[in-house]
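1. I need the structure of the sequence given here:
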Amino acid sequence: MPADPPPPLRDAAAGRSSPAPGRVRNWQDCGQNGQMRAFVRAISIAALLVAATDVGAPTVRADLPEMGTCVADAELIVGSVGSSVYCVQWTLAWKGLYGGPIDGNYTQQVFDGVISFQQANPPLTVNGHAGEQTLSAMGIYSGVDNAPPPPCLADAPVSPGDRGPSAECVQNTLKALGVFSGNVDGSYGNSTRDAVKAYQQANPPLTADGVAGTQTLAALGIWSGFTRDDSAATFVGGEWWPASIQAEPTWRVINGIPQYGNRRGC
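-> Numbering: from 1, shown residues only. Now for the predicted structure:
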């Protein structure tokens, strides 16, 4: 039979019973052991946290997800939509030239990003169009040209008082958009100016000045890539010989037909 524990001692002053000396010693031991276990547990947790910070975890970019391989068909202009535009938007975003939504819409903001890329990569033509050369310079050209040719092209700028095929092209394009209701006569009058200004106001950040400049024509998808400065008349010495020479724009071949500006070679 185990021996009975000693009876509690009577505290005469307080009138209370106190534990036996042996039991007091056991309680003190338990308290000390508990404190030691808590201290060891805290040290272990701290060591695990320090070890976790030493693990070489990869850094995650919070701005853009990883870009995969994509290709784009030519030629993309303002108003184009689809997977090719997605690819152009991603590429411009990774180059820091585009901060808009990745939604597959070739907006004015995408146009501006392409302009910046073309300006930084001569000798690309700076026209805001994602054509074969621009897409190739970006490294995303698919080798496919699916863009239908525009019904007409206009040299920039086209201003009030101008007459000719460029003014007619602007009128036809605005009429198809429901912005111009006048006669298509190739004469850039007040009604054409007002229609151009209305289109510009509806498509910021175009400057609403009523003049169809490079950005306005590009937004309409009809800029030929040439300005009227390309056709300025120059003289090469002498009074009558040689005769005055007109500096024509660079010839292009479209569907096997040589063209310059918005005119075909005969």
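2. Low-confidence ranges, the stretch 51-200 of the chain, go.
-> Applying pLDDT under 70 to the stretch 51-200 of the chain flags the ranges 51-68, 147-150.
3. can you do 50?
-> 53-62 (pLDDT under 50).
4. Can you show me the strands along it?
-> For the stretch 51-200 of the chain, strands defined by DSSP state E, counting those that start in this stretch occupy the ranges 72-74, 141-145, 154-156.
5. which of these is buried the deepest?
-> Greatest average neighbour count among these goes to strand 154-156 (a mean of 26), per mean count of other Cβ atoms under 10 Å. Yep, even glycine has a C-beta here, placed from its N, CA and C like the rest.
6. Mind listing the strands that one pairs with, and their directions?
-> According to DSSP bridges, strand 154-156 has the following sheet partners: strand 223-227 (parallel).
7. Alpha carbons of the partner strand, as CSV, please.
-> Below are the C-alpha coordinates for strand 223-227, written out as CSV (Å, rounded to 0.1, in the frame of the first residue of the first chain):
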residue,chain,number,x,y,z
TRP,A,223,-4.0,57.5,-94.6
SER,A,224,-1.7,56.7,-97.5
GLY,A,225,1.4,57.1,-95.3
PHE,A,226,2.5,60.2,-97.2
THR,A,227,2.2,63.9,-96.5
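8. Same list (the strands of the stretch 51-200 of the chain) but as JSON lines, adding distance to Thr91.
-> Shown next, in JSON lines, are the strands of the stretch 51-200 of the chain (distance: least, Cβ to Cβ, whole Å):
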{"stretch": "strand 72-74", "distance to Thr91": "8"}
{"stretch": "strand 141-145", "distance to Thr91": "11"}
{"stretch": "strand 154-156", "distance to Thr91": "26"}
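9. To what extent is Asn105 buried, counted in neighbours?
-> For Asn105, the neighbour count with other Cβ atoms under 10 Å is 17.
10. How about it: which residues does it bridge to?
-> Counting by DSSP bridges, Asn105 forms beta bridges with Val81.
11. nearest to Ala176, of the strands of the stretch 51-200 of the chain?
-> Smallest distance to Ala176 across these (Cβ to Cβ): 13.8 Å, for strand 154-156.
12. Please report how far the nearest residue to Thr227 once chain neighbours are set aside lies from Gln89.
-> Residue nearest to Thr227 in three dimensions, not counting chain neighbours: Ala156, with 5.0 Å by Cβ to Cβ, 6 or more residues apart in numbering. Noted for Ala156: a distance of 26 Å to Gln89, by Cβ to Cβ, to the nearest Å.
13. cool, Pro204 as well?
-> 19 Å.
14. Then Pro101?
-> 8 Å.
15. what do you get for Trp223?
-> Distance, Trp223 to Gln89, using Cβ to Cβ: 21 Å.
16. When those two are compared, which one has more neighbours?
-> With neighbours defined as other Cβ under 10 Å, Trp223 and Gln89 compare such that Trp223 has more, 29 against 24.
17. Show the contacting residues for the more buried one.
-> By Cβ atoms under 8 Å, 6 or more residues apart in numbering, the contact list for Trp223 reads 127-129, 153-154, 156, 214, 217.
18. again, 10 Å this time
-> By Cβ atoms under 10 Å, 6 or more residues apart in numbering, the contact list for Trp223 reads 77-78, 127-129, 150, 153-156, 158, 166, 169, 212-217, 262.
19. Tyr86 too?
-> Applying Cβ under 10 Å, 6+ apart to Tyr86 gives the contacts 70, 72, 102-105.
20. Nearest to Ile140, out of those residues: which one, please.
-> Of all those, Ala72 has the smallest distance to Ile140: 5.0 Å, by Cβ to Cβ.
21. Looking at strand pairing, list the partners for the closest one.
-> According to DSSP bridges, beta-bridge pairing links Ala72 with Tyr141.
22. Look up how far Phe117 lies from it.
-> Distance, Ala72 to Phe117, using Cβ to Cβ: 13 Å.
23. Need the residues touching each of these two.
-> 88, 91, 130, 134, 138.
24. who's in contact with the nearest residue to the third one once chain neighbours are set aside?
-> With sequence-adjacent residues excluded and distances taken as Cβ to Cβ, 6+ apart, Ala130 is closest to Leu76, at 3.9 Å. Remark: with contacts taken as Cβ under 10 Å, 6+ apart, Leu76 is in contact with 82, 84-85, 87-88, 106, 110-111, 114, 128-131, 134-135, 146-147.
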